[in-house]
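Participant: Predicted model and sequence follow; I will ask about them next.
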Amino acid sequence: MNGKKVVVGMSGGVDSSVAAWLLQQQGYEVIGVTMQIWQDEEPEVIEENGGCCGLSAVEDARRVADRLSIPHYVMNFKRDFQEKVIDYFMDEYLHGRTPNPCIACNRYVKWESLLRRSLEIGADYIATGHYAQVVRLLNGRYAVKKSKTAAKDQTYALYNLTQEQLSHTLMPVGAYTKEEIRTFAEELGLLVAKKPDSQEICFVPDQDYAHYIEEHAGVEIPEGNFVWTDGTVIGRHKGITHYTIGQRKRLGLSMGRPVVVTQIRPETNEVVIGETTDVFCRTLYADRLNWMAAEPLESEQRYWAKIRYNHGGASCIVRMFEEGKIECVFDEPVRAVTPGQAVVFYDGEYVAGGGTIL
C-alpha cells in the first residue's frame with residue numbers, strides 16, 4: 001500500500017471497473033462509489049431508462065467491487081444533478097443554445113460534489129474511467145493530457161476542471177487503449193468485460209430532447225417560423241428546442257436542395273435557414289473561460305481548437321476580446337460554430353483551456 005486513499009466513481013462499466021483494479025495494483029486503498037443521479041423513484045423506470053445510473057449499473061459496480069474485494073457505496077447526488085445538469089440543459093435549449101451536459105456533469109457533479117464528499121470521508125483522490133491523463137507540468141499547473149488512444153480520447157469534456165480538482169484526480173485508464181482495458185477485464189473475470197459503452201445523454205434515454213424538455217420544464221414550446229437568411233418566411237418549425245446549428249435533417253422543408261439551420265432566434269421564435277456554405281465561419285467568441293495548462297491569456301496565442309466533441313480540431317489564434325471573453329480566429333473556416341457548445345484549446349497533447357461559445 002502507498003498509504004493513499006482513492007474513491008473511484010464506478011458506473012458499472014468496464015472502464016471505471018478496470019480503473020479501480022489498476023489503482024489497486026498501484027497500491028492505493030480503493031473505495032468504489034456509484035453516484036445515484038437518476039430522478040425517477042420508480043424502480044422499473046430507473047431500470048429501463050437509467051443508463052449508466054440505473055439499478056443494473058449499481059449492481060454491476062457492486063459485483064465488480066466484490067470481485068476486487070473493495071468496499072462499495074452508493075451516494076445520492078440527485079439534487080446536484082438536477083440543478084447543475086438537467087436544469088442547465090433545459091434552460092440552454094429554451095434560450096436557443098445547444099448545451100453539453102456531460103461537461104457540466106463532469107465539473108459540478110462527478111468532480112465538485114463527489115470530490116467534496118470524498119475528501120470529507122478522508123480520501124486523498126477521486127478517480128474515474130475517463131480516457132485522459134492528469135499531469136503536473138513544469139509551470140506547476142495541472143492539466144489533462146490526451147489519452148493513449150485518440151479514438152476514445154475524452155479530454156474535450158474535461159476542459160472545465162479546476163486546478164484544485166485536478167490536484168486530487170487520478171485517471172489510470174488514459175494510459176491504455178480500449179482493447180487493453182477490455183483484455184484486463186476479461187483476464188480478471190469481470191462480467192462487465194464486454195459490456196457496451198454508454199452512449200448519448202443518460203437522462204434522455206430516447207434522445208428526444210425536445211419532448212423531454214417540454215415534459216420536464218413545465219412550459220409549452222410554441223411553433224414558429226422558418227425564415228431564410230434574408231428574413232423571408234419559408235415554413236413553420238415545431239419549436240426551437242428541436243433544432244441546432246448545422247442541422248440538415250428532420251427540417252420538413254422542400255427546398256429542392258440541401259439547406260441547414262444557420263441561427264436560432266429565441267427572442268422572435270425564428271429558426272433561420274440557409275445554404276450549406278452559410279454555416280462556415282472563421283471567428284467565434286467565448287466566455288465562461290477555464291484555463292488549465294496555460295495561464296489566463298495576456299497576449300494572443302496559437303492553439304489547436306475543437307468546437308465539439310467529435311470535431312477533429314483546427315489551428316487558430318486566440319486573444320482576449322474583452323473582460324472574461326476571448327476571440328478565436330481559425331486559419332480556415334470551420335463548420336457549424338454552435339452557441340452553448342464548448343471550444344477547447346490544445347497545446348500539443350495538453351488541454352490549455354476552453355470556454356463556452358457565444
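Facilitator: It's in. Residues are numbered from 1 along each chain as shown.

Participant: which stretches of the stretch 51-200 of the chain form helices?
Facilitator: Here the stretch 51-200 of the chain has its helices, by DSSP state H, counting those that start in this stretch, at 55-68, 78-81, 87-94, 101-105, 114-120, 163-167, 178-188.

Participant: Need the winner for burial among those helices.
Facilitator: helix 101-105 (a mean of 22; mean count of other CB atoms under 10 Å). Bear in mind the C-beta positions are built from the backbone N, C-alpha and C, glycine included.

Participant: pull the CA atoms of that helix into CSV?
Facilitator: Only the C-alpha atoms of helix 101-105 are listed here, as CSV (Å, rounded to 0.1, in the frame of the first residue of the first chain):
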residue,chain,number,x,y,z
PRO,A,101,-24.5,18.3,-20.2
CYS,A,102,-21.6,15.9,-19.9
ILE,A,103,-19.2,18.8,-19.4
ALA,A,104,-21.4,20.3,-16.7
CYS,A,105,-21.8,16.9,-15.1
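
Participant: Show me what that helix is packed against.
Facilitator: helix 87-94 (3 or more CB pairs under 8 Å, 6 or more residues apart in numbering; DSSP states H and E).

Participant: average pLDDT across the helix it packs on?
Facilitator: For helix 87-94, mean pLDDT rounds to 97.

Participant: For the stretch 1-150 of the chain, give me the ranges with low pLDDT.
Facilitator: 1, 39-55 (pLDDT under 70).

Participant: Could you rerun that using 90?
Facilitator: 1-3, 37-57, 149-150 (pLDDT under 90).

Participant: what about N269, neighbour count?
Facilitator: The number of residues packed near N269 is 16, by other CB atoms under 10 Å.

Participant: That one contacts I221, correct?
Facilitator: No: using CB atoms under 8 Å, N269 is not in contact with I221, being 9.4 Å away.

Participant: Which neighbours do these two have in common?
Facilitator: Here N269 and I221 share the contacting residues I240, scored by CB atoms under 8 Å, 6 or more residues apart in numbering.

Participant: ok so, going back, quick one: the helices of the stretch 51-200 of the chain as a markdown table, columns for distance to F203 too.
Facilitator: Listed next are these as a markdown table, based on distance: least, CB to CB, whole Å:
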| stretch | distance to F203 |
| --- | --- |
| helix 55-68 | 13 |
| helix 78-81 | 8 |
| helix 87-94 | 8 |
| helix 101-105 | 8 |
| helix 114-120 | 17 |
| helix 163-167 | 23 |
| helix 178-188 | 25 |
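
Participant: Quote the end-to-end distance of stretch 185-197.
Facilitator: Counting by CA to CA, to the nearest Å, you get 14 Å between the two ends of stretch 185-197.

Participant: Show which residues not belonging to that stretch make contact with it.
Facilitator: Contacts for stretch 185-197 (CB under 8 Å, 6+ apart): 12-14, 17-18, 21, 60, 63-64, 67-68, 182.

Participant: what's the answer for stretch 222-230, then?
Facilitator: Here stretch 222-230 has contacts from 233-240, 251, 253, 262, 268-274, 278, using CB under 8 Å, 6+ apart.

Participant: again, only this time at 10 Å
Facilitator: Contact partners of stretch 222-230, identified using CB atoms under 10 Å, 6 or more residues apart in numbering, comprise 231-240, 242-243, 251-253, 255, 259, 261-263, 265-266, 268-275, 278.

Participant: ok, back up a step: wait, which of the contacts of stretch 185-197 is closest to V135?
Facilitator: V18 (20.3 Å; CB to CB).

Participant: Tell me how many other residues surround the closest one.
Facilitator: V18, neighbours per other CB under 10 Å, totals 26.

Participant: and what of G27?
Facilitator: Neighbours of G27 (other CB under 10 Å): 11.

Participant: my read is it is in a helix, agree?
Facilitator: No: counting by DSSP: H, G, I helix; E, B strand; the rest coil, one finds G27 to be coil, located in no helix.

Participant: Under a three-state scheme, what state does the nearest residue to it once chain neighbours are set aside occupy?
Facilitator: Excluding its sequence neighbours, the residue lying closest to G27 (CB to CB, 6 or more residues apart in numbering) is N2, at 3.9 Å. Secondary structure, three-state DSSP: N2 is coil.

Participant: what's the distance between N2 and V30?
Facilitator: 11 Å (CB to CB, to the nearest Å).

Participant: ditto for M171
Facilitator: Distance from M171 to V30, by CB to CB: 14 Å.

Participant: Who has more neighbours out of those two?
Facilitator: Neighbour count, other CB under 10 Å: between M171 and V30, V30 has more, with 27 against 24.

Participant: List the contacts of the more buried one.
Facilitator: 4-8, 10, 19-24, 65, 68-72, 123, 127.

Participant: do H242 as well
Facilitator: 93, 208-211, 213, 221, 223, 250-252, 261, 271.

Participant: Among those, which one sits closest to C328?
Facilitator: V261 (21.5 Å).
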